[in-house]
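Undergrad: Model the structure of this input:
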Amino acid sequence: MKSKKQTFALIFILIVFSGCIRDVALDLDNTSREYVLNCILNTNQDTLTATLTKTENIASGSDLFETVKNAEIVLFENGKNVGSFSYSDSNAYFLVYKPKPGTTYRLEANTGNDKVWGETTIPKTVEANIEKLASSMEGYQVSIEDNKDEDNFYWVTATGFERILDTTYQDTSIFYVQENIVGIIFSSFEYADDFNRYIGEHGNYKFEYDYYIRFSDSQLPDTIIQVKFRPMVGSSPELFFLSTDYHLDKYMKSSLLLKKMNLHAEEMPVIYSPQPVYSNIRGGTGIFGSFNSVSKVFAKD
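TA: Now for the predicted structure:
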């Protein structure tokens, strides 16, 4: 998954054998389908979005998933019903409601004969500040005051605007501006997770990260933490610090692992072993997670 543009999503496990490739039999006649319920609670937004679809058999050859349009989707806050979602023509359900930090929510989708559901507890608010450092080679710094009363999972990322060549025009060069998530982040923060990290010399920093810097507070030495980093991002960057719940943290990390595994799936010789994407949905699959965040937009570089 990506920041504002379907954020949220992307190492791989390569098992190298002695040039041995194994055939796998697929059950193409299996027509069973699962419900897929997705919803992420963001304490900075007062409108919630949920989607409910059905999985497709691999033999169908379709990358479009059937939307379930007549479900009843209800949100519970600490066990109390706080509202029902309304279906929209955009193939999603919406509820005007602002979730609260430190609160437990349950999402239930009833389709008549089946019920799928999940639970999440939004992390408590974390004090965080993002600032630009004096040198462009240093980049930025996020300072946080960790809450030791609960286990916390932190993510740092950025978005920026890039000029993209419009290939539909053949006789002239036309560009349009598109906002993208950062592809590479440089940092020397030694307490970050190494699942998407590479070691190398990058100016002031010795590590390179794909898309995000992830770290939990279980190994942090102090309550006050500063993370210096330099994102390779376009103009007018927006920096994000996310504090996610347990479920969204595992979903994001497993999605990033799956993406990287898929990038290396064609390398030979390997036996490809898919990385499962985490789900906390009962009666189906998908994700019901939550986060609170701090973001800051900086002037055009």
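Undergrad: what ranges do the helices span in this structure?
TA: Taking DSSP state H, the helices of the chain run over residues 246-263.
Undergrad: Of all the helices and strands in it, which has the lowest average confidence?
TA: Sorted by mean pLDDT, DSSP states H and E, the helices and strands of the chain end with strand 175-181, the least confident at a mean of 72.
Undergrad: Give me the below-cutoff pLDDT ranges for the stretch 51-200 of the chain.
TA: 57-64, 164-177 (pLDDT under 70).
Undergrad: show me what contacts Thr51?
TA: Applying Cβ atoms under 8 Å, 6 or more residues apart in numbering, we find Thr51 in contact with Val36, Leu37, Asn38, Cys39, Thr67, Asn91, Ala92, Tyr93. Where you see a C-beta, it was placed from the backbone N, CA and C, and this is true even at glycine.
Undergrad: switch to 7 Å and redo it
TA: By Cβ atoms under 7 Å, 6 or more residues apart in numbering, the contact set of Thr51 is Asn38, Asn91, Ala92.
Undergrad: What score does the first one have for pLDDT?
TA: Spelled out, that is Asn38. Note on Asn38: pLDDT of 97.
Undergrad: Against Ser254, how distant is it?
TA: When Cβ to Cβ, to the nearest Å is applied, the distance between Asn38 and Ser254 equals 14 Å.
Undergrad: neighbour-wise, which of these two wins?
TA: More crowded of Asn38 and Ser254, by other Cβ atoms under 10 Å: Asn38, with 21 against 18.
Undergrad: That one against Gly284, yeah?
TA: No - distance between Asn38 and Gly284: 10.2 Å, which falls outside the contact criterion (Cβ atoms under 7 Å).
Undergrad: quick one on the thing from earlier: filter the contacts of Thr51 down to the ones in strands?
TA: Among those, the members falling in strands (DSSP state E) are Asn38.
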